[in-house]
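Trainee: Okay, structure incoming, though there's no sequence with it:
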């Protein structure tokens, strides 16, 4: 089955530093990847949609200069949280849709990355 | 505005019983609705998709119904087991993106 790998699974950093999270589709091509953020007991909130070879599309209220997204290949998208602050502490989850789109239209999710900013 | 509402209160049931979770939505005209399972600290895992022209969908012990008039989907787990304990998320497409409800936490006790 389709597997999405996310790394690192958890990271602790000091305020002001930048953190990069990688999302890889291991056995399928993902022309589109989605980045979500989830706070405790809250729903997954879509941050941005990442398209291979083009600029990401950010949701309203998400700062594109703070959350840099790169989707350089059909199997890799990265999210960089720049100048992280404690309020950026959250669970970041990537997901991908296989190409061609599966009949079920399902999304395959990574295991998530827990970011804690001190 | 678009909303996906799931019962935020945890559902506690005894092993062997049927668990029923509810998903209500407003301001969506979905062609299909999806259900995911999320365990603590993990990413969601796809369970089932039901299309607007389907009233009911089954997969092993899972059953999903979809009423586009009521704007509601029900998710049933029959013969529940402690291993079914998790948070279950309802999801709907809006444009190109998938939006999620907050999920309902299910606890199945032996």
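Mentor: Good, I have the coordinates. Since we're looking at a predicted model, the values are computed, not measured.
Trainee: contacting residues for whichever residue of chain A sits closest to chain B?
Mentor: Going by C-beta to the nearest C-beta, chain B is nearest to residue A:109 of chain A, at 3.4 Å. C-beta here means a position set from N, CA and C on the backbone, and glycine is covered the same way. Contacts of residue A:109 were listed using C-beta atoms under 8 Å, 6 or more residues apart in numbering or on different chains, and they are A:4, A:93-95, B:36, B:43-45.
Trainee: try 6 Å this time
Mentor: Neighbouring residues of residue A:109 by C-beta atoms under 6 Å, 6 or more residues apart in numbering or on different chains: A:93, A:95, B:43-44.
Trainee: Kindly report the same for residue B:17.
Mentor: When contacts are taken as C-beta under 6 Å, 6+ apart, residue B:17 is in contact with residue B:80.
Trainee: Same list (the contacts of residue A:109) but as CSV, adding neighbour count.
Mentor: Formatted as CSV, those follow (neighbours: other C-beta atoms under 10 Å in any protein chain shown):
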residue, neighbour count
A:93, 25
A:95, 25
B:43, 23
B:44, 28
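Trainee: of all those, which comes closest to residue A:22?
Mentor: Minimum distance to residue A:22 across the contacts of residue A:109 is 12.8 Å, recorded for residue A:93 (C-beta to C-beta).
Trainee: can you pull up the bridge partners for that closest one?
Mentor: Using DSSP bridges, the beta-bridge partners of residue A:93 come out as residue A:36.
Trainee: Would you check that residue B:43 makes contact with residue A:111?
Mentor: Yes: Residue B:43 is in contact with residue A:111 according to C-beta atoms under 6 Å; the separation is 5.1 Å.
Trainee: Out of the contacts of residue A:109, name the ones that lie in helices.
Mentor: Among the contacts of residue A:109, no member falls in helices (criterion: DSSP state H).
Trainee: Give me the distance between residue B:68 and chain A.
Mentor: As judged by C-beta to the nearest C-beta, to the nearest Å, residue B:68 and chain A stand 17 Å apart.
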